[in-house]
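Enquirer: I would like to see how this sequence folds:
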Amino acid sequence: MNLFSRLFFVIAGTLILTGASLAVSAQSNDALSVAKKVADKVIADTRFAFTLVPQKDVLGLQVIDFRNLQPASAQQVYAKSQLTAISDTTVSFGLSYAGKLSIWLNRKQVYHEENQVIQIPKEISYNRFTFNKSFSACLKKGDNEVVICYTPGTNALPVVFLMPATKEGDLDAAAKFSSGIKEDNQNTAWMLLGPVSNTLLPEKGMPDYTMEKGRVLTWAKSSQRFIPELETPATAAYQRDPYTDWHYSHGTMVWSIMALENNGKYSAFARQYINFTLRQLPYSDYQYNNLFAWRGSYHRIFRRTMLDDTGAPVLPFAEQYLREKDEKVRELVMPIGAYVAKEQLRLKDGTFCRPEPVESTVWADDLFMSVPFLLQMAKITADTKYYDDAAKQVLNFRKYLLDPATGLYKHAWFNHSKQRSAAYWGRANGWVVWATAELLEKLPKNHPAYQQVLQNFRQQMKVLISYQNKNGFWHQVLDRADSYEETSCTALFTLALARGVRQGWLSPAYKKNALAGWQAVKTKIDENGVVQGICQGTDIGYDQEFYMKRKTIDNDPRGMGAVITAGIEISKLQ
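Expert: Below you'll find the predicted structure:
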């Protein structure tokens, strides 16, 4: 080969390599611009404002508030309502109060007991509250009259909490409280009477009025409160919850937006989100703990009984503290860190679990709801116990949830039966890989668990790419090709693959899978930055059909953080 020929091939080869580099660079820049477009839509759909709305009952839990009547400890107050049932049924009631309480159902006394100390109901998991007392009663089809006679204890909070539920746990499907007043546009179900010194007998029928020391006392509607509720713009793609509220998916989404840059409009948006939340906390605390608005704005930050309420919503706040060392932010972050470390429900071996749908259930979701925040706490406190806990969770979740026959994770482990749940839900597996990728990136390389975590990650990603469609997507149920192609799990696997290749945890051969995943995700993002095909929030299903039938919701925040982070990771994949 002569000199000219050699020179030609060198130049041609250089042009080919340069063209390939430019193509990768263009794709990287495109991924970042798409991620920013998605973030821009989130910002446009976020409103830092409130509107007043009537306070509503929560899940059938009745708050019978006698505080406006100002009863003394020796005085009786009465309340009545209607409980309308669609069929004859037996209902269990939870009760919390301090003092003497009698309850009549259809003029028959069904409860009479004195209780010394009130236990304010606490929501220990979704829709499950703790109470002082309980009883059961039979409802007939149609309207059932409920009458309460209450004498508050000394210095007691004059409030009675009453929550009925059917054996299936769903009251609304079986019965509903109402005041019985027609054309009543108020939202209160109870009529109140008192305080009185003489005893009335509900089994003989309640009078329309009573005389008390020369006064005529008549039944009055319990007061209707109005509380501030966070607003969602009418133009927002997602209407179910305001993006400004405290929620695991919102925290994950804002944390991902913060990763777009460290000093610009995205970090400014996160700072506004954080400062706005901090300003609301004093009143929101009062609203939750004194007005018992258990579904009001910011209620989850005070409920604080599961990782959904703590480890994921706090992510942008912990990140902000690491960046700017704001003590007001620290005052929020540190108690949540203490809760996750010391109070969150765990199995005997320390694995995080929940009391739902049955006691001591391990949810795959909770690996992400805990591990990234534990890693932040390790950096904030310089305490290695948080690294140890994060590594333990990743290893233990694998032990409980991984099906060795497939190499895929089931959504849950039921500790009481020692069995895994029914389906390989896509997003559940995605939460696991994102949490593991965070751990590998931040866990010291000399940590005793590092090599095992790395080996497990490689095995999991090898299995996952075998379930990837030729078009780049993964399915809602990973091993069911007849389930729909789902956006959030595809984004989650894409970000883990891209980060794995970039960090050297995975072979460069996985790059094509990451790029294919991103191309698939992009097809679900419209010109306005709206992301389609995200599976709605999902409980533990007892069969695969439960997951097959889950709806998808545009711009559901449960997938937005994954989509934005996937774009960032692809942009870094040179």
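Enquirer: wait, what's in contact with Asp526?
Expert: Gln532 (Cβ atoms under 8 Å, 6 or more residues apart in numbering). No exception for glycine: its C-beta is placed from N, CA and C like everyone else's.
Enquirer: now swap in the one 10 residues further on and tell me
Expert: Residues counted as contacts of Gln536 (Cβ under 8 Å, 6+ apart) are 550-553, 556, 558.
Enquirer: Let's see that with 6 Å instead.
Expert: When contacts are counted by Cβ atoms under 6 Å, 6 or more residues apart in numbering, Gln536 touches 550-551, 553.
Enquirer: Out of those residues, flag the one nearest to Ala237.
Expert: Proximity of the contacts of Gln536 to Ala237 (Cβ to Cβ) peaks at Ile553, which lies at 9.2 Å.
Enquirer: Can you identify each of the helices in the protein by residue range?
Expert: 3-44, 248-258, 265-289, 299-303, 315-324, 327-338, 365-381, 385-401, 426-442, 450-465, 487-503, 511-522, 544-548, 557-572 (DSSP state H).
Enquirer: Nearest to Glu123, out of those?
Expert: Closest to Glu123 of the helices of the chain, according to Cβ to Cβ: helix 299-303, at 5.3 Å.
Enquirer: about what we covered before: export the contacts of Gln536 as a markdown table, with columns for neighbour count and pLDDT.
Expert: Shown next, in a markdown table, are the contacts of Gln536 (neighbours: other Cβ atoms under 10 Å; pLDDT from 0 to 100):
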| residue | neighbour count | pLDDT |
| --- | --- | --- |
| Arg550 | 20 | 98 |
| Lys551 | 9 | 98 |
| Ile553 | 20 | 98 |
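Enquirer: what's the closest of those residues to Thr235?
Expert: Thr235 lies nearest to Ile553 out of the contacts of Gln536, by Cβ to Cβ, at 16.4 Å.
Enquirer: nearest residue to the closest one other than its sequence neighbours?
Expert: Gln536 (5.1 Å; Cβ to Cβ, 6 or more residues apart in numbering).
Enquirer: now that neighbour: how far from Ala39?
Expert: With distances taken as Cβ to Cβ, to the nearest Å, Gln536 is found 21 Å from Ala39.
Enquirer: what does stretch 251-261 rub up against?
Expert: Stretch 251-261 is contacted from outside by 39, 266-267, 270, 273, 312-313, 315-316, 319, 557, 560-561, 564-565, 568, using Cβ under 6 Å, 6+ apart.
Enquirer: Just the closest of the residues you listed to Ala137, please.
Expert: Closest approach to Ala137 among the contacts of stretch 251-261 (Cβ to Cβ): Pro313, at 38.6 Å.
Enquirer: Find the residue closest to that closest one in space, skipping its chain neighbours.
Expert: Among residues not flanking Pro313 along the chain, Gly251 sits closest, at 3.7 Å (Cβ to Cβ, 6+ apart).
Enquirer: Any idea how many residues pack against that neighbour?
Expert: 27 (other Cβ atoms under 10 Å).
Enquirer: same deal with Met461?
Expert: With other Cβ under 10 Å as criterion, Met461 counts 23.
Enquirer: ditto for Phe226
Expert: Phe226 - counted by other Cβ under 10 Å - has 11 other residues nearby.
Enquirer: Do I have it right that it meets Leu52?
Expert: Yes. Counting by Cβ atoms under 6 Å, Leu52 is a contact partner of Phe226 at 4.5 Å.
Enquirer: Please convert the helices of the chain to CSV, extending it with distance to Val531.
Expert: Formatted as CSV, the helices of the chain follow (distance: least, Cβ to Cβ, whole Å):
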stretch, distance to Val531
helix 3-44, 6
helix 248-258, 11
helix 265-289, 17
helix 299-303, 23
helix 315-324, 19
helix 327-338, 28
helix 365-381, 18
helix 385-401, 27
helix 426-442, 14
helix 450-465, 21
helix 487-503, 6
helix 511-522, 8
helix 544-548, 20
helix 557-572, 5
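Enquirer: Val333 versus Glu327, what's the distance?
Expert: Distance of Glu327 to Val333, given as Cβ to Cβ: 10 Å.
Enquirer: oh, I was asking about Ala491
Expert: From Ala491 across to Val333, the span is 27 Å (Cβ to Cβ).
Enquirer: OK, contacts around Gln452?
Expert: Residues near Gln452 by Cβ under 6 Å, 6+ apart: none.
Enquirer: and if we set it to 7 Å?
Expert: Residues in contact with Gln452 (Cβ atoms under 7 Å, 6 or more residues apart in numbering) are Leu395.
Enquirer: same thing with Arg550?
Expert: 476, 535-536, 538.
Enquirer: one more time with 6 Å
Expert: By Cβ under 6 Å, 6+ apart, the residues touching Arg550 are 535-536, 538.
Enquirer: For the residue nearest to Ile553, grab phi and psi.
Expert: With angles defined as degrees, to the nearest 10, Gln536 sits at phi -70, psi 170.
Enquirer: rewinding a little: mind checking which of Glu327 and Val333 has more residues around it?
Expert: Val333 (23 against 7).
Enquirer: The more buried one against Pro316, yeah?
Expert: No. Using Cβ under 6 Å, Val333 is not in contact with Pro316, being 10.4 Å away.
Enquirer: Quick one: distance of stretch 390-400 to the chain centre.
Expert: Mean-position distance between stretch 390-400 and its chain equals 21 Å (Cα atoms, centre = their mean, to the nearest Å).
Enquirer: now do stretch 493-503
Expert: Mean C-alpha position of stretch 493-503 versus that of the full chain (Cα atoms, centre = their mean) differs by 26 Å.
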